[in-house]
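Asks: Fold the following and give me the result.
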Amino acid sequence: MHDSLSNHTNEDRHEDVERVLVSSAAIAKRVVELAQQIGNDYAHADGRLTVVPVMTGSLLFAADFVRALPQRRLRLQLTTVSSYGGKNTATRGSTLSGSLPKHLEGHHVLILDDILDSGGTLRLLRSEFESRGAASVRACVLLRKKIPSAVSTPCEYVGFDIDDEFVVGYGLDYDDLYRNLPFVGTLRREARA
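Replies: As a prediction, this is how the structure comes out:
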């Protein structure tokens, strides 16, 4: 895992962003590194790997990740878990808000999520997938907050460790805005009004 990197370019700017925590270049580099590492770890699972992105936050991460993954035969099945929503900047607990992937028996499942803070999403999904007969369940997150609930939650692959701040960009949102930013940053207070 890497600490957040803030070497940013001109594309890493937005008037509502107070500070860039992870630049677009750092994200691109780390996603490829994660894909290579995970590809090596799952080399034996060709055709039996199911990648499960948690929507909507991991949309951009998942798109870049699966294209960089060396395995060409994998299943991609989406799931939706609600934990923030709207203008909330603190988790409200994790609940399933969509259907779970089917036919996981004997498959190696990799959960992809945008951020690990309370750990509720990963614990919920790991339990569900294990109970459905998955051969193995691992998790990969782009960001993990440096807080006890996050650090104590089992997660095999971490992109960046960040401080306990509310962040947007690269799939993460505030009131369904800012997901399209190519970097991860903090919002100015005025933008959260």
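
Asks: Next one: Ser99 from Arg126, what distance?
Replies: For Ser99, the distance to Arg126 equals 17 Å [C-beta to C-beta, to the nearest Å]. Bear in mind the C-beta positions are built from the backbone N, C-alpha and C, glycine included.

Asks: So for those two, which sits in the more crowded spot?
Replies: Taking neighbours as other C-beta atoms under 10 Å, Ser99 and Arg126 compare with Arg126 leading, 20 against 10.

Asks: give the contact list for the more buried one.
Replies: Contacts for Arg126 (C-beta atoms under 8 Å, 6 or more residues apart in numbering) come out as 111, 137, 139, 154.

Asks: Shouldn't it be within a helix?
Replies: Yes - checked against DSSP: H, G, I helix; E, B strand; the rest coil, Arg126 lies within a helix.

Asks: Could I get the average pLDDT for the lengthiest helix in the chain?
Replies: In the chain, assigned by DSSP state H, the helix with the most residues is helix 24-41. The pLDDT scores in helix 24-41 average 97.

Asks: list the helices and strands that helix packs on?
Replies: helix 59-68, strand 136-145, strand 157-162 (3 or more C-beta pairs under 8 Å, 6 or more residues apart in numbering; DSSP states H and E).
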